[in-house]
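Peer 1: dropping the sequence and predicted coords here.
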Amino acid sequence: MQSWLTARGIDFIGHENWPSSSPDLNPLDYKIWQRLEKKVWAKPHQNSESLQASLAKAAAEIDISVVRAVIDDWPRLLKIKCIQKTRGHFE
C-alpha cells in the first residue's frame, strides 16, 4: 500500500513513523469517553440495563461542537506523537 501511495504522489505517514498502540490518539478514548464516564458514573446503577441506558443518553447529549473540536485537534496530536516516535524528526 505504501508503494502504491508513493507512486501516486500521495503524502502519508509511513508505518515506521506511526506511534504504535497509542490510545491517546483515539478521539473516543482521549476526549469523548471521559465525558461519558463523568455523566454515566454520576449515579450508581443497579444493573447493566440501567448502565446501558445511561450511557446511550449521555452519548446522545454530547454536543456536535465538542465532537468537531476533538476531530479538528486530531492532526495536531498525531504530529506530536509522530515527533515523539521519531525523536524529533518529522516531515
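Peer 2: Great, that's in hand.
Peer 1: and what about the residue of the chain positioned farthest from its centre, helix, strand or coil?
Peer 2: Farthest-out residue of the chain from its mean C-alpha position, per CA atoms, centre = their mean: Gln46, at 30.0 Å. Counting by DSSP: H, G, I helix; E, B strand; the rest coil, the backbone at Gln46 sits in coil.
Peer 1: tell me the pLDDT at it?
Peer 2: pLDDT for Gln46: 95.
Peer 1: got phi/psi on it?
Peer 2: phi -80, psi -20 (degrees, to the nearest 10).
Peer 1: what's the answer for Ile62, then?
Peer 2: phi -70, psi 130.
Peer 1: show me the contacts for it.
Peer 2: Going by CB atoms under 8 Å, 6 or more residues apart in numbering, Ile62 touches 32, 35-36. Placement of C-beta: from N, CA and C, glycine included.
Peer 1: swap in 7 Å and give it another go.
Peer 2: 32, 35 (CB atoms under 7 Å, 6 or more residues apart in numbering).
Peer 1: Leu55 versus that one, what's the distance?
Peer 2: 11 Å (CB to CB, to the nearest Å).
Peer 1: after the lowest-mean-pLDDT helix or strand in the chain, next one along is what?
Peer 2: Ranked by mean pLDDT, DSSP states H and E, the weakest helix or strand in the chain is helix 27, scoring a mean of 71. The C-terminal neighbour of helix 27 among helices and strands, as given by DSSP states H and E, is helix 33-40.
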